[in-house]
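J.: just coords:
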């Protein structure tokens, strides 16, 4: 089934069931008003939601209405935990290679992970509000899962049983703030503002054969200023699957229902051809593109995002239809969106839109 949370003026929104083709929705009020309630009592409530989902898809739901992603909050608008991994080690390898550094052997044995803020998530079409372009604004296209309870000491295989839902994420990064924060030895903080999530979260059965051993074997599409820059395969090159990521958290503590675990930037290796390395599937964050440029040309040429830039992140299922709906956001200053200028004063935007074409 597919679940979403609609804006209603409250912090936690209103839970709805969404049709498989993402065209219709139905309030789940008679079963649960919030997604966290369902996660806390999954065994009892999820079958009821499944019945409603089946009725919605077969035209038997009496009070269905058109589904509008613009009305969505994050599926879980605030969570008990948001832990983001770096499961695609090709991303780490590129970053290290760009600065002539080796990847420690331990990185291949134990997942990298940071604890992000989980009190203020963004909906799929909410603006990304940033104080300054000088902070190095970057998108990060990722996959995330929502868990039920997973006990301390769970194995990766046991941890997989705790996954309830899958969704997409835009883990926004302020790249120019990261070096100083990491130099303090205490990890990301101000460099990681609110994360956005896809309109809907889906149960594993919706993924069908695309869900294999804790990985989503589909392409993740990223479009920057309307130009597709990434079509990265999310499955084969995921070094640590979601069961391993969750088990990493559970090594010394329980993981409670309503925890969100991210994959990190989806990344694919380059392809060698005639002595030259190319990345035909593109990139899921600008930092990776800049690393590729540094490796090839000695320095980066693509700039980070500017105010007014847009980012769209989407994944299509094996049937070619959007699986989660799209994250579709605009970068906006803390002063708000600029007023429209007269046509005669509007200049061609030759910043990041052009840089993304390099």
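T.: Cool, the structure landed. Source: prediction; values computed, not measured.

J.: quick check: residue 92 vs residue 263, distance?
T.: Computed with CB to CB, to the nearest Å, the distance linking residue 92 and residue 263 is 13 Å. Glycine gets a C-beta too; all of them are placed from N, C-alpha and C.

J.: mind checking which of those two has more residues around it?
T.: Neighbour tally, residue 92 and residue 263, criterion other CB atoms under 10 Å: the higher count belongs to residue 263, 29 against 20.

J.: give me the low-pLDDT residue ranges for the protein?
T.: In the prediction, the chain carries residues with pLDDT under 70 at positions 338-358.

J.: that one: helices as residue ranges?
T.: Secondary structure of the chain, counting by DSSP state H: helices at 35-40, 42-57, 89-98, 156-160, 178-183, 204-207, 242-249, 286-297, 352-355.

J.: to residue 314, which of the ones you listed lies closest?
T.: helix 204-207 (14.8 Å; CB to CB).

J.: chain center to that closest one, what's the gap?
T.: Here helix 204-207 shows a centroid-to-chain-centroid distance of 17 Å under the convention CA atoms, centre = their mean, to the nearest Å.

J.: give the buried residues for it.
T.: For helix 204-207, a neighbour-count test (16 or more other CB atoms under 10 Å) marks 206-207 as buried.

J.: tell me what it is packed against?
T.: Applying 3 or more CB pairs under 8 Å, 6 or more residues apart in numbering; DSSP states H and E, one finds that helix 204-207 contacts strand 163-170.

J.: the strand it packs on: how far from the chain's middle?
T.: Taking CA atoms, centre = their mean, one finds strand 163-170 lying 7 Å from the centre of the chain it belongs to.

J.: which helices and strands does it pack with?
T.: Packing contacts for strand 163-170, counted by 3+ CB pairs under 8 Å, 6+ apart, involve strand 141-147, strand 196-197, strand 201-202, helix 204-207, helix 242-249, strand 310-315, strand 327-333.

J.: can you add distance to residue 71 and give those back as TSV?
T.: Shown next, in TSV, are the helices and strands packed on strand 163-170 (distance: least, CB to CB, whole Å):
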stretch	distance to residue 71
strand 141-147	20
strand 196-197	14
strand 201-202	16
helix 204-207	21
helix 242-249	29
strand 310-315	18
strand 327-333	13
